[in-house]
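Undergrad: Output the structure for:
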Amino acid sequence: MTLGSRLFAMLLALVSVPLAVGCGHSEGKASSLTVTLGEAGEISDSPALTTTSTEVVPVSANGIEKPSAPAEVTAAPTTVGANESRTFKVEGPEDAIRVSFDDVDLLKVMNLDPVPADAPERLPKWLKELDGKRIRVRGYMFPPFQDTGIRGFVLARDNQICCFGRTPKEYDLVEAFLRKGVTTHYIQNRPFDVVGVFRIKSEIEKYTAMYELKDAVVIEK
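TA: Residues are numbered from 1 along each chain as shown. Have a look, this model is predicted:
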């Protein structure tokens with residue numbers, strides 16, 4: 001075989017080999033696990049728009065028409081409906097649903113102020129469906145009556161409630177009842193997570209927690 005033939009054969013072999021290096025393909029990290037509560041609806045990044053056209057009306061019997069006005073564009077109201085859905089992240093070894101105090105703030109969710117006695121019956125579907133679910137919420141420990149061996153405590157939304165006397169709303173507090181055989185100590189002026197089974201009280205008393213966490217554990221970090 002001549003030198004030219006060898007070079008041609010080598011070039012042909014290189015072209016025939018699939019290129020696998022430098023393609024940039026990567027599986028990447030798996031997406032975070034989430035759960036959606038409430039009636040699912042179409043999700044959109046922008047509010048729905050309604051277009052209303054102005055009817056064209058003749059200005060005389062001659063059939064001369066008035067120029068049509070520009071279409072009117074109005075944004076749909078952004079009020080929270082009873083069937084609105086919410087999506088939450090699931091995290092931790094117990095696959096708890098990450099919930100914040102903002103999520104259960106009835107002023108923000110339903111514009112309820114003050115909280116009426118029948119509030120539990122008026123909650124949106126997604127919030128009702130949180131009842132009985134294992135959730136993870138972050139807050140501050142309301143000062144207990146002891147420093148160690150604590151079996152239950154009140155988790156507050158912020159340390160202003162704990163330490164500076166701001167009057168809490170019913171949705172600013174969660175009563176935590178620890179898992180059997182588990183105790184904790186007083187965690188002062190520092191936020192921490194609590195994981196437990198979320199319960200919404202059927203009866204609400206003013207200035208007392210309307211939410212509970214059963215079978216709870218404290219996660220300090």
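
Undergrad: mean confidence score for stretch 165-179?
TA: Here stretch 165-179 scores 93 as its mean pLDDT.

Undergrad: And for stretch 137-149?
TA: For stretch 137-149, mean pLDDT rounds to 96.

Undergrad: Go ahead and name everything in contact with it.
TA: 98-101, 150, 153-159, 161-163, 173-174, 183, 185-194, 213 (Cβ atoms under 8 Å, 6 or more residues apart in numbering). Yep, even glycine has a C-beta here, placed from its N, CA and C like the rest.

Undergrad: go on, stretch 118-136?
TA: Contacts to stretch 118-136, defined as Cβ under 8 Å, 6+ apart, come from residues 37-39, 80-86, 91-92, 94-99, 104, 106, 109-110, 112, 116, 170, 193-202, 204, 210, 213, 219.

Undergrad: From one end of that stretch to the other, what's the distance?
TA: 26 Å (Cα to Cα, to the nearest Å).

Undergrad: in that stretch, what's buried?
TA: 119-120, 123-124, 126-130, 134-136 (16 or more other Cβ atoms under 10 Å).

Undergrad: Mind checking which of these are in helices?
TA: 119-120, 126-130 (DSSP state H).

Undergrad: Show me which pair in the residues you listed is furthest apart.
TA: 119 and 129 (16.1 Å; Cβ to Cβ).

Undergrad: Show the residue spans covered by the strands in this protein.
TA: 34-37, 49-52, 72-75, 86-91, 96-98, 134-141, 152-156, 173-178, 192-200, 211-219 (DSSP state E).

Undergrad: Tabulate the buried residues of stretch 118-136 in JSON lines, adding columns for distance to residue 142.
TA: JSON lines is the format used below for these (distance: Cβ to Cβ, whole Å):
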{"residue": "119", "distance to residue 142": "21"}
{"residue": "120", "distance to residue 142": "22"}
{"residue": "123", "distance to residue 142": "24"}
{"residue": "124", "distance to residue 142": "27"}
{"residue": "126", "distance to residue 142": "27"}
{"residue": "127", "distance to residue 142": "23"}
{"residue": "128", "distance to residue 142": "26"}
{"residue": "129", "distance to residue 142": "27"}
{"residue": "130", "distance to residue 142": "22"}
{"residue": "134", "distance to residue 142": "22"}
{"residue": "135", "distance to residue 142": "19"}
{"residue": "136", "distance to residue 142": "19"}
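
Undergrad: right, and out of the residues you listed, which lies closest to residue 179?
TA: Nearest to residue 179 among the buried residues of stretch 118-136, with distances taken as Cβ to Cβ, is residue 134, at 11.5 Å.

Undergrad: where's the closest one relative to residue 208, distance?
TA: 23 Å (Cβ to Cβ, to the nearest Å).

Undergrad: quick one: contacts for the closest residue to residue 36 other than its chain neighbours?
TA: Once flanking residues are discounted, residue 36 sits nearest to residue 87: 4.6 Å by Cβ to Cβ, 6 or more residues apart in numbering. Taking Cβ under 8 Å, 6+ apart, we find residue 87 in contact with 34-37.

Undergrad: Check residue 37 too.
TA: 85-88, 125-127, 129-130.
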